[in-house]
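Visitor: All I have is the shape, not the residue letters:
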């Protein structure tokens, strides 16, 4: 069959490669001038630093099959994400751990003592936290919430933590030991030569043709047996019901001669600091050595039509509109919506790859009977 994939990010590349290896003819169209989507990486000409063009992407997973898959196309070297945050004139480690607690309160608590201490700070009257703010107050109490979560969250999401669901904070537990590894997955690393090199290798197959700088229009779908669409779900319908809401990021790029902050990620938790964090990209490749440095200040805001959509908002209004678009999509034929944009869900890279592998497997089994959504948006 002749298959069209819209988008040359992880979803399109993995589905395309899997179907190409099964004997199908694959055409991929990509509106940008590069592959790899938002995990696109490139070397800075002046410093030699591997830059994560659309912000840092750190690979972490418990899915051994996915880990083996990415390593079959690129060598992943060890990398642990150790995030720091500046608050109240001091630098602390995140996630909140025993060192954070002892430093913040000027104490030398042991793990069991710290558990009791934090429980005393926590608002135990909140039995079933429904909002981000309630979850934070129940987890750590008002002091740590104000210092590390409140301002950052307001900047990141453009709304009060009392309006956000508790589930957002459940990704960031409190640790009563000195483990400052941001993630807890078994497999963690960074691609030695960057994500773009990995995706280029995934796409390097005689049955795959990639067209960059190519905007997809729905009339192109008629020329193919099936379409896998990794673009915005509402974009498939020309936004005729309105636009789904996203947060986008503005990057203020700057360089430095030396080591600017001594770590890859420095958060700024106070609302008075306009940026959410500064990322120093050479620290994402700790096996390399560079005199110069490339850094991004990150600013979050509501996405406009011409912006790159990063984070689906998925609040009540967005979910209502999403339900309407899902209903329209389910009346379509010959197309499967995939990935972060196609299903309007925040997806880590490993989950994106897992879903792409699963989607390709469904297509190889069902062919033209492949559902519009292999992974439901709602």
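Guide: Here it is on my side, so go on. Model, not experiment: these values are computed from the prediction.
Visitor: Just checking the distance from stretch 239-247 to the centre of its chain.
Guide: For stretch 239-247, the separation from the chain centroid amounts to 20 Å (computed by Cα atoms, centre = their mean, to the nearest Å).
Visitor: ok, now stretch 5-16?
Guide: Using Cα atoms, centre = their mean, the offset of stretch 5-16 from its chain centre is 16 Å.
Visitor: That stretch spans what distance, first to last residue?
Guide: 7 Å (Cα to Cα, to the nearest Å).
Visitor: what residues does it touch?
Guide: 3, 26-30, 32, 35-39, 69, 199, 202-203, 205, 208, 210, 212, 216, 227-231, 338-342, 349, 352-353, 355-357, 359-360, 363 (Cβ atoms under 8 Å, 6 or more residues apart in numbering). In short, each C-beta sits where N, CA and C put it, glycine included.
Visitor: ditto for stretch 306-317
Guide: Stretch 306-317 is contacted by residues 38, 54-55, 157, 163-164, 232, 244-249, 303, 318, 322, 340-341, 344-346 when judged by Cβ under 8 Å, 6+ apart.
Visitor: Got a ChimeraX select line for the buried ones in those?
Guide: Buried subset of the contacts of stretch 306-317, written as a ChimeraX selection, criterion 16 or more other Cβ atoms under 10 Å:
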select :38,54,55,157,164,232,244,245,246,247,248,249,303,318,322,340,341,344,345
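Visitor: low-confidence ranges in this protein?
Guide: Scanning the chain for pLDDT under 70 picks out 171-172.
Visitor: Residue 281: what's it in contact with?
Guide: Counted by Cβ under 8 Å, 6+ apart, residue 281 has contacts 49, 50, 51, 52, 56, 264, 293, 294, 295, 296.
Visitor: 7 Å instead, please
Guide: Going by Cβ atoms under 7 Å, 6 or more residues apart in numbering, residue 281 touches 49, 50, 51, 52, 294, 295.
Visitor: so the fifth one sits in a strand?
Guide: Okay, so that is residue 294. Yes: assessed with DSSP: H, G, I helix; E, B strand; the rest coil, residue 294 lies in a strand.
Visitor: That one and residue 49 touch, don't they?
Guide: Yes: using Cβ atoms under 7 Å, residue 294 is in contact with residue 49, at 4.7 Å.
Visitor: Identify the contacts common to the two.
Guide: In contact with both residue 294 and residue 49: 281, 282, using Cβ under 7 Å, 6+ apart.
Visitor: returning to what we had before: quick check: ChimeraX command selecting the buried ones in the contacts of stretch 5-16.
Guide: Of those, the buried ones go into a single ChimeraX selection, burial set by 16+ other Cβ under 10 Å:
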select :3,26,27,28,29,30,32,35,36,37,38,39,69,199,202,203,208,210,216,227,228,229,230,231,338,339,340,341,342,349,352,353,355,356,357,359,360,363
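Visitor: Among the contacts of stretch 5-16, which ones are in strands?
Guide: Among the contacts of stretch 5-16, DSSP state E puts 3, 26, 27, 28, 29, 208, 210, 227, 228, 229 in strands.
Visitor: now the fourth one, which residues is it bridged with?
Guide: Legend: beta-bridge partners of residue 28 under DSSP bridges are residue 5, residue 210.
Visitor: contacting residues for residue 111?
Guide: Going by Cβ under 7 Å, 6+ apart, the list of residues near residue 111 reads 98, 176, 177.
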